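> I'd like to go over a predicted model; first the sequence, then the structure.
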Amino acid sequence: GGKAQTLDGQRDRHDGERQQESGENHSGETLFVCYRVVMRLVLLFWLAVLALATPAAAESRLVRTEGRNFVASDGSVLQIKGISLGNWLMPEGYMFKFEVSKSPRQIYGAFDRLFGSEKAAAFWREYRDRYIARDDIRFIKSVGFNTVRIPLHYALFMTDDGTIQGDGWALLDRVLGWVREAGLYAIVDLHAAPGGQTGINHDDGPGYPLMFYVPKHREMTVRLWAAIARRYAGNPAILGYDLLNEPIAPYHDVATLNPRLEPFYRDVTAAVRAVDPGRVIILAGGQWSSSFDMFGPPFADNLAYTYHSFWASTKRDSIQRHLNFAARYNVPLFLGETGELTDDWNEGFRKLHESHGVGWSFWTYKNLDTPSTVVSIPRPEGWNEIVAFADFRTTAKPSDALIAKAMQQYLDNMRLANATVRWSYLASLGLRSAP
């Protein structure tokens, strides 16, 4: 009996040890599972933090608005001193000395008649490659500008069925790379929207601002801006997006169209901010960027307002209505286009704006045979004959030899090294006034 009790005691002890061991194993497994859960939660937490921090970090590198100022990423007030790269990705007839063939489609048609479509296409490829080059961007920086405004034609970035593609993307990629390399800012400006937003030749529309009437054109414009914003999200070289150039000419149905402008801007801003949340959006007034009367209070943060003014008085009364708008809503102003007059007028109008803290971008950097530009392209031999044929003043087409020589001279002369720098024009802008 004693022996049996001893054996029973040993079995009980072994069973107890097995239960203890089992309990310890179970506790260890429980701790391990808990550890894994906790670590997974910690990992998810930090991934969430990174996801939130990445856009914030990107935004911190961007220009922003504070009250009536543009503010650089280092916190300093940015006084915009800009120049527009007109006639590069958005040709205008007067910059070729054309008086009839004014819109891009008319200009392209004139070159088709001169060259034939195949040679004309080759000419435009070379033209866009040369008109703005790296040395132009470096020169712009070297004389004291801090910003370039880049006018775009939608057709270089989107097909008429709304597909996002075109030769313009590579050109814009390239120039923005040069801008960043040079330490400049860029303002991207949609000069010609699908259907046209102005109702005059420089929007390349049919002579009426159909973008505000035709849903397809409106949707395409929103989609194009979303594509631009997605491609360049977080790019610190881009100061902001100038959504429409000079919308709604004053001789169209302004009573119908003006109320449609701000809702359109709301839609585009939402599309841009969905992929590039910190980006400054620049809103142009109606009637050729001359009036803010159709706008209410800012509908989002980081908004700025732009107007254009040519040949106006250099006294405060010429801009008082814009200053009133900025004071009412505590928002920044930007003089997006001006110039094309005398050096004395340039200086007076520039100083007027600077005295009120308003940044500016003059029009335009490069033009054909003119004193009112930064870089003047020497007029090629035989150019008057080219103009006469392009403008239908004669049906006699110039000889192929004259056309070929004139166009090659034009392509050569547009290079900065072969063009004429108007130093007095630069001096009138308070910039470097000599080589």
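Looks like it arrived, so ask away.

> what residues are up against Thr364?
83-87, 95, 339-340, 373-374 (Cβ atoms under 8 Å, 6 or more residues apart in numbering). Glycine gets a C-beta too; all of them are placed from N, C-alpha and C.

> between these, which is closest to Tyr185?
Nearest to Tyr185, judged by Cβ to Cβ, of the contacts of Thr364 is Ile83 at 11.6 Å.

> look up how far Asp204 lies from the nearest residue to that closest one once chain neighbours are set aside.
Sequence neighbours aside, Tyr365 is the residue nearest to Ile83 in space, at 4.7 Å (criterion: Cβ to Cβ, 6 or more residues apart in numbering). Separation of Tyr365 from Asp204 (Cβ to Cβ, to the nearest Å): 20 Å.

> repeat that for Pro104.
For Pro104, the distance to Asp204 - Cβ to Cβ - is 4 Å.

> show me where this protein has its strands.
Taking DSSP state E as the test, the strands found in the chain are 64-66, 69-71, 77-78, 81-84, 147-153, 185-192, 238-242, 280-284, 303-308, 333-337, 359-362, 366-368, 375-377, 420-421.

> how about the first one: buried residues?
For strand 64-66, the buried set under the neighbour-count rule, 16 or more other Cβ atoms under 10 Å, comprises 64-65.

> so the spatially most central residue of the chain bridges to which residues?
The residue lying closest to the centre of the chain (Cα atoms, centre = their mean) is Val188, at 1.4 Å. With beta bridges defined as DSSP bridges, Val188 has these partners: Ile150, Tyr241.

> so who does it touch?
By Cβ under 8 Å, 6+ apart, the neighbours of Val188 are 150, 152, 172, 228, 232, 238, 240-242.

> quick one: low-confidence parts of this structure?
1-59 (pLDDT under 70).

> how near is the residue lying closest to Ala300 once chain neighbours are set aside to Gly67?
Spatial nearest neighbour of Ala300, excluding adjacent residues (Cβ to Cβ, 6+ apart): Thr269 at 5.6 Å. Using Cβ to Cβ, we find Thr269 at a distance of 19 Å from Gly67.

> same question, Phe389
54 Å.

> of these two, give the one with the bigger neighbour count.
Neighbour comparison, Phe389 and Gly67: the larger count goes to Phe389, with 19 against 10 (by other Cβ atoms under 10 Å).

> surely the more buried one touches Arg113?
Yes: taking contacts as Cβ atoms under 8 Å, Phe389 lies within contact range of Arg113: 7.3 Å.

> who touches both of those two?
Lys397.

> partner residues bridging Asn367?
Ser376.

> pretty sure it is touching Glu92, no?
No: the criterion here is Cβ under 8 Å, and Asn367 misses it with Glu92 at 9.6 Å.

> the two - which one has more neighbours?
Neighbour count, other Cβ under 10 Å: between Asn367 and Glu92, Asn367 has more, with 24 against 20.

> and the more buried one, how close does it get to Arg422?
10 Å.
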